[in-house]
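Undergrad: I need the structure of the sequence given here:
(4 chains)
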2 protein chains.
Amino acid sequence: MPRPTKQSPERGDARTRLLEGARDVIRRKGFAATSVDDLCQSAGVTKGAFFYHFNTKDALGVAVANFWAETTSALFASAPYHEPDDPLDRVLAYLDFRKGLIDGETFEYTCLVGTMTQEVHDSAPAIRDACAASIFGHAATLETDIEAARKQHNIDADWTAESLARHTQAVLQGGFILAKATGDPDLARESVDHLIRYVRGLFGVGPNTSETNYEKSS
Amino acid sequence: MPRPTKQSPERGDARTRLLEGARDVIRRKGFAATSVDDLCQSAGVTKGAFFYHFNTKDALGVAVANFWAETTSALFASAPYHEPDDPLDRVLAYLDFRKGLIDGETFEYTCLVGTMTQEVHDSAPAIRDACAASIFGHAATLETDIEAARKQHNIDADWTAESLARHTQAVLQGGFILAKATGDPDLARESVDHLIRYVRGLFGVGPNTSETNYEKSS
DNA sequence: TCCGAAACATACCATACGGTTGGTATGTAG
DNA sequence: CTACATACCAACCGTATGGTATGTTTCGGA
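TA: So this is what the prediction gives:
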């Protein structure tokens, strides 16, 4: 049973605070450069609490990757891009939704599991696998709509829905890297625009159909 | 004047060996997780040699990013994809060339400066800027051919050559992440295939023109 | 042949790191 | 009220780390 801490009883239990803090700190500094003390400070707990909930630092890495998978899948499941009847419109609305998420500070919109994958792919298989499950699990949710769109629009494609779904994730991940290189989220949005143009081209639709615009109004 | 070491007199001077070792070790383990001792071991030198050539670990980070920029630009400058007369064929040949480079172990084909950007973008501006210069400097070499192709083929585009050049780098970087997540280079090649299909679509050419195939014959 | 600087190697230091230990407050079941 | 598990805290430990101080080798030039 989680119990609130004396210092901050309103912020939830220590384990959740550690995961939320880790999510943000690791996106700023990376996994290896983030010390256990950093993680404890971001959560407002001591190392005793940390190692009570996680046996090792790597164990937190796995846990925060799973935490990321759960929270993002909940976000996407409740997002409005599922509304259109045409599955192609849902795919395009998804991409527009993703584009709208790219806003604010770098650590706010970049992908935790993409970042961690880069770092630990060769040294921490458990973390890498958890990250991969998050990435490809999300891609699978998109694959459904892509395949439905392919059938509904009678596209005789030389590509698979699976590969296109993965490609969307690759474009997003790559866009994040360019954005990090300059600190400018426009570079990530720019690649999403190219991706949208590509998908439209695959399905033979023009640059302006009538899907809802989900971009932030800022 | 560089001097060969007793242990390995044939492998060149210590500074170059440190840069070459850093290039490979950092691509495996990441920058933060790579210790100075790791770097010294990979080069077969001691810490005295390391700190004689580089004041700090971060200074090596900047140096290895510049080293990467120099060596890769030399590789691409001498690559055969510049041969076609049609600039569009050069662009497509470039993408085919990049696809052919994706082979072997993960650390052999992934991008050093993309990896380092992810890690240090918020904590080591000097390294980040050196990485950004490498990425966007390379993209600029591609931009020339794209712009020439756009004019030659009379494309009235709603995209710029600059943005498309950056997008190619984003796709490659994103493909590397997916490849790292699974250890399978096919995932990176798959995204390049989508990118090639996109570029063909932008210029209205079919799936099979006659550019040379630069893929490795392995 | 001698010298001095460049190019390393060796030994060492202070600190930060991941992890451990012992203890304490709180909740809960009987 | 007892007994015990959960959830956390404070202090500590051994080691690895980035960095330094100093010694040693190599080599071109006077």
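Undergrad: so which bits of the longest helix seen in chain A are buried?
TA: Identified as the longest helix of chain A according to DSSP state H is helix A:125-152. With burial defined by 16 or more other Cβ atoms under 10 Å in any protein chain shown, the residues of helix A:125-152 counted as buried are A:127-132, A:134-136, A:138-139, A:142-143, A:145-150. No exception for glycine: its C-beta is placed from N, CA and C like everyone else's.
Undergrad: can you tell me if it touches chain B.
TA: Yes: in terms of Cβ under 8 Å from any Cβ of the partner chain, part of helix A:125-152 sits within range of chain B, namely A:128, A:131, A:132, A:135, A:136.
Undergrad: same question, stretch A:185-198
TA: Yes: for stretch A:185-198 and chain B, the contact criterion (Cβ under 8 Å from any Cβ) is met by A:187, A:188, A:190, A:191, A:193, A:194, A:197, A:198.
Undergrad: before we move on, back to that, and the longest helix of chain A, does that touch DNA strand C?
TA: No: for helix A:125-152, no contact with DNA strand C is found by Cβ under 7 Å from any atom of the strand; the gap never falls below 12.5 Å.
Undergrad: between helix B:125-152 and the helix or strand following that helix, find me the angle.
TA: Once the chain leaves helix A:125-152, the next helix or strand it forms, by DSSP states H and E, is helix A:161-182. Compare the direction of helix A:161-182 with that of helix B:125-152 by axes from the mean of the first three to the mean of the last three Cα atoms, to 10 degrees and you get 120 degrees.
Undergrad: quick revisit: what's the longest helix of chain A packed up against?
TA: helix A:57-77, helix A:87-101, helix A:112-120, helix A:161-182, helix B:161-182 (3 or more Cβ pairs under 8 Å, 6 or more residues apart in numbering or on different chains; DSSP states H and E).
Undergrad: can I get the ones you listed in JSON lines with distance to DNA strand C and mean neighbour count?
TA: Shown next, in JSON lines, are these (distance: least, Cβ to the nearest atom of the strand, whole Å; neighbours: other Cβ atoms under 10 Å in any protein chain shown):
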{"stretch": "helix A:57-77", "distance to DNA strand C": "4", "mean neighbour count": "18"}
{"stretch": "helix A:87-101", "distance to DNA strand C": "30", "mean neighbour count": "22"}
{"stretch": "helix A:112-120", "distance to DNA strand C": "13", "mean neighbour count": "26"}
{"stretch": "helix A:161-182", "distance to DNA strand C": "21", "mean neighbour count": "26"}
{"stretch": "helix B:161-182", "distance to DNA strand C": "21", "mean neighbour count": "26"}
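Undergrad: of the ones you listed, which is nearest DNA strand D?
TA: helix A:57-77 (12.4 Å; Cβ to the nearest atom of the strand).
Undergrad: phi, psi of the most centrally placed residue in chain A?
TA: Per Cα atoms, centre = their mean, the C-alpha nearest to the average position across chain A is that of residue A:111, at 4.5 Å. Dihedral angles of residue A:111 (phi, psi; degrees, to the nearest 10) stand at phi -100, psi 120.
Undergrad: that one reaches residue A:172, doesn't it?
TA: Yes: under the criterion of Cβ atoms under 8 Å, residue A:111 makes contact with residue A:172 at 7.1 Å.
Undergrad: got any residues that touch both of these two?
TA: Contact with both residue A:111 and residue A:172 is made by no residue, according to Cβ atoms under 8 Å, 6 or more residues apart in numbering or on different chains.
Undergrad: can you pull the contacts of residue A:69?
TA: Counting by Cβ under 8 Å, 6+ apart, the residues that residue A:69 touches are A:113, A:130, A:133, A:134, A:137, A:138.
Undergrad: please name the nearest non-neighbouring residue to residue A:22.
TA: residue A:64 (4.6 Å; Cβ to Cβ, 6 or more residues apart in numbering or on different chains).
Undergrad: residue contacts, that neighbour?
TA: Taking Cβ under 8 Å, 6+ apart, one finds A:19, A:22, A:23, A:26, A:112 in contact with residue A:64.
Undergrad: now do the phi/psi pair for the first one.
TA: Phi and psi for residue A:19, reported as degrees, to the nearest 10, are phi -70, psi -40.
Undergrad: got the contact list for it?
TA: If you count contacts by Cβ under 8 Å, 6+ apart, residue A:19 has them with A:60, A:63, A:64, A:67.
Undergrad: can you check the last one too?
TA: Residues near residue A:112 by Cβ under 8 Å, 6+ apart: A:23, A:26, A:27, A:64, A:65, A:68.
Undergrad: rebuild these as TSV, extending it with pLDDT.
TA: Converted to TSV, the contacts of residue A:112 look like this (pLDDT from 0 to 100):
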residue	pLDDT
A:23	96
A:26	97
A:27	97
A:64	97
A:65	97
A:68	97
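Undergrad: thinking again about what came up before, pull the most distant pair out of the contacts of residue A:19.
TA: With distances taken as Cβ to Cβ, the most widely separated pair in the contacts of residue A:19 is A:60 and A:67, at 9.6 Å.
Undergrad: tally of neighbours for residue A:53?
TA: Using other Cβ atoms under 10 Å in any protein chain shown, residue A:53 is surrounded by 18 other residues.
Undergrad: ok, it - contacts?
TA: Contacts of residue A:53 by Cβ under 8 Å, 6+ apart are A:14, A:15, A:18.
Undergrad: mind redoing it with 10 Å?
TA: Counting by Cβ atoms under 10 Å, 6 or more residues apart in numbering or on different chains, residue A:53 touches A:2, A:13, A:14, A:15, A:16, A:18, A:19, A:43, A:45, A:59, A:60, A:63.
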